[in-house]
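just a sequence and a predicted model for now, questions to come.
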Amino acid sequence: MNSPQSLHHPTTATAYKWICVSFLALLSLSATATYGMPIKEDPKGFFGITWGASLATRADLKEIDTSDTLHVYTLKQGVPHVEGIPMESVKLYGLENHYARAIFRYKSALTHKALLRYLEGRFGKIDRTHASMMRGLNQQYTWRGSDTEIAITYHGFREQGFLTAESRVFAPLFLSIHGDHSF
């Protein structure tokens, strides 16, 4: 059994210091820039679909996963685009037959920059003056409107990003329908 004196042993103290230093270094390396900006004109939907619309009736989509209340769709064919910017994949989420969320995956720093330019032009410039970090391992930017929240998260070390657009009315229902133990 460890006694209080064992923490003062030189080997234990050195190991403890290295753990603390390693943890702080990891935190500083994985720092994330997060910005929340109001949307200047809420689109009330995303990917050309209004929030709350039925995804089941769309001929261009196929269902790829389902439960009693959650239905996940993707495109039947072709590469998804956001305003001409090619994405790797898209998943559209319908909650109780109401379009609630879209998640796009993309790769490359060039795609990230193009997507950021589009989103800033469409929904408002990111305020980079307060504790901003344009470079880093992870970057996150968020725009919030009355009906829509749009966020991009970019992982620089993998050159991979995610664009999430969701209804501020329907998306919170994910938590009430799918409890804490379903994930």
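Good, I have the coordinates.

which stretches of this structure form helices?
Assigned by DSSP state H, the helices in the chain fall at 10-29, 109-123, 173-177.

the domain parsing of this protein - what is it?
Domain assignment for the chain, taken from automatic domain parsing, gives 1-30, 32-182.

model confidence over the longest one, on average?
Across domain 32-182, pLDDT averages out at 87.

how far is it from where the chain is centred?
From the chain centre to the centre of domain 32-182 is a distance of 7 Å (Cα atoms, centre = their mean, to the nearest Å).

so what's residue 41 up against?
123, 145 (Cβ atoms under 8 Å, 6 or more residues apart in numbering). For the C-beta atoms, the positions are set from N, CA and C on the backbone; glycine is no exception.

quick check: phi and psi at it.
Phi and psi for residue 41, reported as degrees, to the nearest 10, are phi -150, psi 100.

gap between it and residue 60?
Noted for residue 41: a distance of 26 Å to residue 60, by Cβ to Cβ, to the nearest Å.

same thing with residue 149?
Distance from residue 149 to residue 60, by Cβ to Cβ: 24 Å.

now do residue 90
Between residue 90 and residue 60 the computed distance is 11 Å (Cβ to Cβ).

the two: who's more crowded?
residue 90 (20 against 10; other Cβ atoms under 10 Å).

what sits closest to that one if chain neighbours are left out?
In space, and not counting its chain neighbours, residue 90 is closest to residue 80: 3.9 Å by Cβ to Cβ, 6 or more residues apart in numbering.

residue contacts, that neighbour?
Residues in contact with residue 80 (Cβ under 8 Å, 6+ apart) are 47, 86, 87, 89, 90, 104.

how long is stretch 64-75 end to end?
10 Å (Cα to Cα, to the nearest Å).
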